[in-house]
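Trainee: Can you look at this prediction? I've put the sequence above it.
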Amino acid sequence: MGIRLYDGRAEELLQAMWLIRAYEERAVALQAEQGVPGTCTAVGQEAAAVGVVSALGADDLILTNHRSSGHLLARGADPGRMLAEVMGRRDGYCKGKSGSLHISAKDLGVVLTSTIVGGELALATGVALSQQMLGRRGVVTCFFGDGAACEGRFHESLNLAALWRLPVLYVCENNQWQAFVHRRETMLADNIAARAAGYGMDTAVVDGNDPEAVRAAALEAVESIRASGRPYFLEARTYRLRGHFEPDDQAYVDPDELAAWRARDPLALLEARLLAAGRIDADALQALRAEAYRRIDAGWRFAVDSPYPATAELTTDVYA
Amino acid sequence: MGIRLYDGRAEELLQAMWLIRAYEERAVALQAEQGVPGTCTAVGQEAAAVGVVSALGADDLILTNHRSSGHLLARGADPGRMLAEVMGRRDGYCKGKSGSLHISAKDLGVVLTSTIVGGELALATGVALSQQMLGRRGVVTCFFGDGAACEGRFHESLNLAALWRLPVLYVCENNQWQAFVHRRETMLADNIAARAAGYGMDTAVVDGNDPEAVRAAALEAVESIRASGRPYFLEARTYRLRGHFEPDDQAYVDPDELAAWRARDPLALLEARLLAAGRIDADALQALRAEAYRRIDAGWRFAVDSPYPATAELTTDVYA
Amino acid sequence: MTRITVMDAIDQALAEEMAHDPAVLLMGEGVATKRRALVEAFGPARVRNTPLAEGIIAGTAVGAAATGLRPVVDLLFAPFLCYAMDELVNSAGKLRYLSGGQFDFPLVAIAMTGAGWGVGAQHNHNLEAWFAHAPGLKVAMPSTAADFKGMLKSAIRDPDPVLFFVDIALAYTDGEVPAGEHLVPLGRAARRREGRDVTLISYAKTVPVCEQAAELLAAQGISAEVLDLRSIKPLDEAAILASVRRTGRAVVVHEASRTCGVGAEVAALIGEHAWDALRAPVLRVTGPDAPAPASPPLEQAYVPQPAAVAAAAQRLMAGAEAAACV
Amino acid sequence: MTRITVMDAIDQALAEEMAHDPAVLLMGEGVATKRRALVEAFGPARVRNTPLAEGIIAGTAVGAAATGLRPVVDLLFAPFLCYAMDELVNSAGKLRYLSGGQFDFPLVAIAMTGAGWGVGAQHNHNLEAWFAHAPGLKVAMPSTAADFKGMLKSAIRDPDPVLFFVDIALAYTDGEVPAGEHLVPLGRAARRREGRDVTLISYAKTVPVCEQAAELLAAQGISAEVLDLRSIKPLDEAAILASVRRTGRAVVVHEASRTCGVGAEVAALIGEHAWDALRAPVLRVTGPDAPAPASPPLEQAYVPQPAAVAAAAQRLMAGAEAAACV
Ligand SMILES: Cc1ncc(C[n+]2csc(CCOP(=O)(O)OP(=O)(O)O)c2C)c(N)n1
Ligand SMILES: Cc1ncc(C[n+]2csc(CCOP(=O)(O)OP(=O)(O)O)c2C)c(N)n1
Ligand SMILES: [Mg+2]
Ligand SMILES: [Mg+2]
């Protein structure tokens, strides 16, 4: 499976979002029922991932973090190889060595995933410097959370990217949570984009639960970067509908807040809009969902059939 | 010698500034002529140091960095013990173990000096947390440079201080240089205070070469912190008139820029203003300068008479 | 005596020390969320969630420690300490010395470490040797619930900065903890099993591994002593040397990577100071010089196994030549 | 052969490698100010002053290395590496492995280290053991101008991340450097002096200390071999073992703190693999487990001295018992 490119039809976006949702449901079930290691799910954040990734071209690169499944799947990653990686199998994207937390897929341009919060921010400037110095056209999209925006690297990365005019699209998925701490407990300001503007880059804040809005904002951002050579900051306001890392009972979450955001589930929102506007019918919707679950089923079968790596792999890949 | 408190008369400020200037001239000469280790001099920045420190009370605390002599001397530090420290003698403020780069003087409330750029920013929040939790009144003044404002800790420190309402007076001495790199090469913005405002604290920018202006701004800042319990950010715009660390030929400095700032030497500016307004006469000025040099001479004699620490000191003070 | 898990032992230590000394406070990403009982008992000012920024969490602790508080910071997983090295090493470890003794730094930094959760090398890296190598710090890494409680309490009362590592494989194991005030001093090893022929020296999760190896060895008529270092710095040199002087042989075991690990230090120390008593080389059984993989079977292979420890001891018993061909 | 200083050797290596490979670039706080000749030769895009932020300098290097460039970063003084540990250790050291080999990280991080300038422990801290302990990194620490040049060139060409330490006491010493292309491989020790009775093993500034100690010993009829490790990781185990197998005795010398230092590793290795050949314990002569003081006489006392090294060797010659009473 290769890089997935989008022409922007709503069905494409919805399809990608359902693939992510179905993938996460499987990952949750595998953890709960089969003792597969837990994962950080992107449930609730599908629109942000798909909206941004759908705006990227084949040359563009992506850096992501611990909550990467949406970015990977939207980019065309094979759910089978992702599940194999989560399960520590040989056919995972990283031979099972990464597990769920640092999946990179170089062929898809998803490079240098770091689960150190802030890690992706520190590496993105270097990837963008390569693009700039080697005359490559692709924009470097760096996904990170509101938590990462508290790390010093946020400041250092944005300052350098602005100063050196590096082609970075910073995408902050502000999902209101930083593991078990609410964003409100970590910063006075309500939005992160305002800070980014202080470094001298253009910024936008978008409803992260509306994939069409995110896509439009991301297209504008990418265009701006290609035209100006300067970085751009896009904040997608969204919500982490499940816990931080499976399993997580979310006992610490304010039920009203959670309910309010559940009512804004990005898949339901998009479906309702499309149905209301007659842009899709119920049968097509049904088929699209079924296809997503079918693909995840097939992926899961692939993953369980994949063997564990040989013990000798313990010490390979350390050095070139 | 104890903490020096100021009633705000211009002679007081000028006297403190001359003491710093005379001290630095001696430190430069000792390095050049006697092989004493080099220092980071505060020549050109005397007004910023004296203006801020003169606004502090006896309970207030100071954190400083590698370029600390102005802050220490303004606070009442004994030039003899400072020179002894620079020379690695037993009677230095830190028994000779610090050398010039990390001089603390707990008795004066000058605590936890770190020469790691950004170090003072990371420690200041903790000192302020102690003040807050232990019900102490003193404001924590944290001196740092425009370079430190590039480190991630700047972001982390300001964010936390604003969030936890810590009584920190951040004083950025923006002296246009970060060792051998001009500030322009490190950030797009021209001033640092604008960024600080983004964390949710009051800010002010002041002419760092005018001690009366700095003092007025610092008094307002301290008052604001005491009243609101919230941090405050004060940027003093000034210039490093000598090199980064002695010896330094400043070959990399734009001569026009240097000349323009030399013309704004803070001591000369204040003297001219006082003379013009009849607030001081030439004799008093002369006496005041002579006294500064006399005190530095006496300090130097004290320092050279101080023995080196015993070799056993190599491994004392590591643990409590 | 009551039987509690290591996690509960840590909770008890925190609660007791917060009750014992109002200067103690706890900070970290999620500590107030995860330890509601402490928040309720001691209030939100003393149990603080923080922004996601290890550097300033540690820096705040260091600054607070020097000026009257006794902070405990939970930095979550050991690799995240990489963001706090300046504060821990350059400030907490050096500013007492560089200031000529003007400041003390009574703080504890807790971090989880070690294989067991399949989370990979950015969450699992045994870094205790770094902090042992850096001056001015102390390092504790217990293996039993009782020691977790007693050493954490001692660490909180200690006037110096202590890195306190929690091996995640031990976190939910349980053990007997004495009732009432229970303090275990830093710097003292514990003999977990007596033996005559060889000393197995270890700490944290590989202590039980050594105990199992000792069982295997016993079945072969080899009497192995098991020494739990508990404290990496200060290191209980006297206990190490006394044991090896008796047995004449030693295997040092830990999960951390071999090169410049604690095992190197212990082996070098024994060589220097118990040379005359040694009947065979000191061997090391350690994790590899590789990052920790996430894949469960690989992760298990990363951890020293009882059979490997027993095999090393057997080689020592078979004679120096066999031992040298490792 | 021409005689140049270590600083010039570094300059030459940088200039030659930048000419040799257009992917090489140099970044750091002040590199463009201090190395005008390189800026003129290769342009400002390839020789870049940076903001004062070690973390992002290192992170940028790591990201760039994985995607086609070969960055060299000057991080100034070793303690400042504390701000870049995540990028160096968690990213450069681990992401090759964690990605299943998808990325290479051909980068060099240069840092000054060691006593000599009276600048105190926040500018002077020998941290090479940390990076040897962390997986996936290489560590070079030469002692001669020729090696500084030849090893820096090799480090820049190496596909893996290399920490390259410059002992400040050596920076302005000079030495012969071969004309023309001069590459010294990583991972190979150099015998600086042949000897029969004892091997003095060291690196960086303490290599000349060992050479002086060997002179002192020669005057007493003791023939000391001096081995310069040059590369801390990979470590030239074969050379170490071969020498000790010949002499039967070893003293390991470095300025870094003792606990868990490189000396511990070398001593442990020798014990494990040359036990049968050892005629006496392996001794260490190292800097203390204390921060480095600024005071000039204290700072000198921090550094291992020739007399101390010679005394250790004499104790070994006097017999194992004397040696063990250190
Ligand atoms: C440096 C570091 N600190 C802490 C963690 C543990 N951790 C993993 S994800 C996470 C929350 C991250 O919050 P955010 O950046 O907002 O991303 P989100 O999980 O919400 O997508 C934390 C604390 C980590 N992986 N790295
Ligand atoms: C973390 C760190 N990086 C680099 C240095 C070396 N250094 C010492 S002072 C200095 C410049 C600091 O600039 P700034 O913060 O503006 O303070 P100034 O020297 O101008 O007063 C540098 C790069 C250091 N001490 N610490
Ligand atoms: Mg978040
Ligand atoms: Mg400056």
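Mentor: Structure received. Numbering: from 1, shown residues only, chains lettered A, B, ... in the order given. Ligands and ions are numbered 1, 2, ... in the order given.

Trainee: Not counting its neighbours along the chain, what's nearest A:R26?
Mentor: A:I296 (5.1 Å; CB to CB, 6 or more residues apart in numbering or on different chains). Placement of C-beta: from N, CA and C, glycine included.

Trainee: do you know how far the residue lying closest to C:E237 once chain neighbours are set aside is from A:P307?
Mentor: Nearest residue to C:E237 in three dimensions, chain neighbours excluded: C:L269, at 6.1 Å (CB to CB, 6+ apart). Separation of C:L269 from A:P307 (CB to CB, to the nearest Å): 43 Å.

Trainee: Please apply the same query to C:R192.
Mentor: 38 Å.

Trainee: ditto for A:V181
Mentor: 39 Å.

Trainee: Please identify which of the two sits among more neighbours.
Mentor: A:V181 (24 against 11; other CB atoms under 10 Å in any protein chain shown).

Trainee: Check the more buried one and give its pLDDT.
Mentor: If you check A:V181, the pLDDT there is 98.

Trainee: Return the per-residue confidence for the residue nearest to it when sequence neighbours are not counted.
Mentor: Once flanking residues are discounted, A:V181 sits nearest to C:N49: 4.7 Å by CB to CB, 6+ apart. On pLDDT, C:N49 comes in at 98.

Trainee: Identify the bridge partners of C:N49.
Mentor: Per DSSP bridges, the residues bridged to C:N49 are C:G28.

Trainee: And the strands in the chain?
Mentor: Unless you meant another one, I'm taking chain A. A:61-63, A:140-145, A:168-174, A:177-178, A:181-182, A:202-207, A:232-237 (DSSP state E).

Trainee: ah, I was thinking of chain C
Mentor: Using DSSP E, strands in chain C cover C:2-5, C:24-28, C:47-49, C:70-77, C:108-113, C:138-140, C:162-167, C:174-177, C:190-193, C:198-202, C:224-228, C:231-233, C:250-257, C:283-287.

Trainee: quick one, the fifth one and strand C:250-257 angle?
Mentor: Right, the one you point to is strand C:108-113. 90 degrees (axes from the mean of the first three to the mean of the last three CA atoms, to 10 degrees).

Trainee: Could you measure from C:A311 over to B:H155?
Mentor: 52 Å.

Trainee: Those two: who's more crowded?
Mentor: The neighbour comparison of C:A311 against B:H155 (other CB under 10 Å) goes to B:H155, with 30 against 18.

Trainee: And the closest residue in space to that one that isn't next to it in sequence, how far from B:E156?
Mentor: Once flanking residues are discounted, B:H155 sits nearest to A:H155: 3.5 Å by CB to CB, 6+ apart. Using CB to CB, A:H155 is found at 8 Å from B:E156.

Trainee: Kindly state the pLDDT recorded for the residue lying closest to C:E17 once chain neighbours are set aside?
Mentor: Among residues not flanking C:E17 along the chain, C:I156 sits closest, at 4.4 Å (CB to CB, 6+ apart). pLDDT recorded at C:I156 is 98.

Trainee: ok, back up a step: okay if I get the strands of chain A as a markdown table plus distance to ligand 2?
Mentor: Listed next are the strands of chain A as a markdown table, based on distance: least, CB to the nearest ligand atom, whole Å:
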| stretch | distance to ligand 2 |
| --- | --- |
| strand A:61-63 | 25 |
| strand A:140-145 | 24 |
| strand A:168-174 | 24 |
| strand A:177-178 | 26 |
| strand A:181-182 | 28 |
| strand A:202-207 | 27 |
| strand A:232-237 | 26 |
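
Trainee: right, and the ones you listed - which one's nearest B:E220?
Mentor: Set against B:E220 and scored by CB to CB, the strands of chain A come closest in strand A:202-207, at 31.8 Å.

Trainee: quick check: angle from that closest one to strand A:168-174?
Mentor: Going by the same axes, to 10 degrees, strand A:202-207 makes 30 degrees with strand A:168-174.

Trainee: Which elements pack onto strand A:202-207?
Mentor: Using 3 or more CB pairs under 8 Å, 6 or more residues apart in numbering or on different chains; DSSP states H and E, the elements in contact with strand A:202-207 are helix A:193-197, helix A:211-228, strand A:232-237.

Trainee: Break down the stretch 151-300 of chain C into its helices, ranges please.
Mentor: With DSSP state H, counting those that start in this stretch as the criterion, the stretch 151-300 of chain C has helices at C:206-219, C:237-247, C:262-273, C:296-302.

Trainee: Which residue is it, in chain A, that comes closest to chain C?
Mentor: A:G99 (2.6 Å; CB to the nearest CB).

Trainee: quick one: pLDDT of that residue?
Mentor: Note on A:G99: pLDDT of 97.

Trainee: Pull up the gap between it and A:E313, please.
Mentor: 13 Å.

Trainee: from memory C:L52 sits against A:T186, does it?
Mentor: Yes - using CB atoms under 8 Å, C:L52 is in contact with A:T186, at 6.4 Å.
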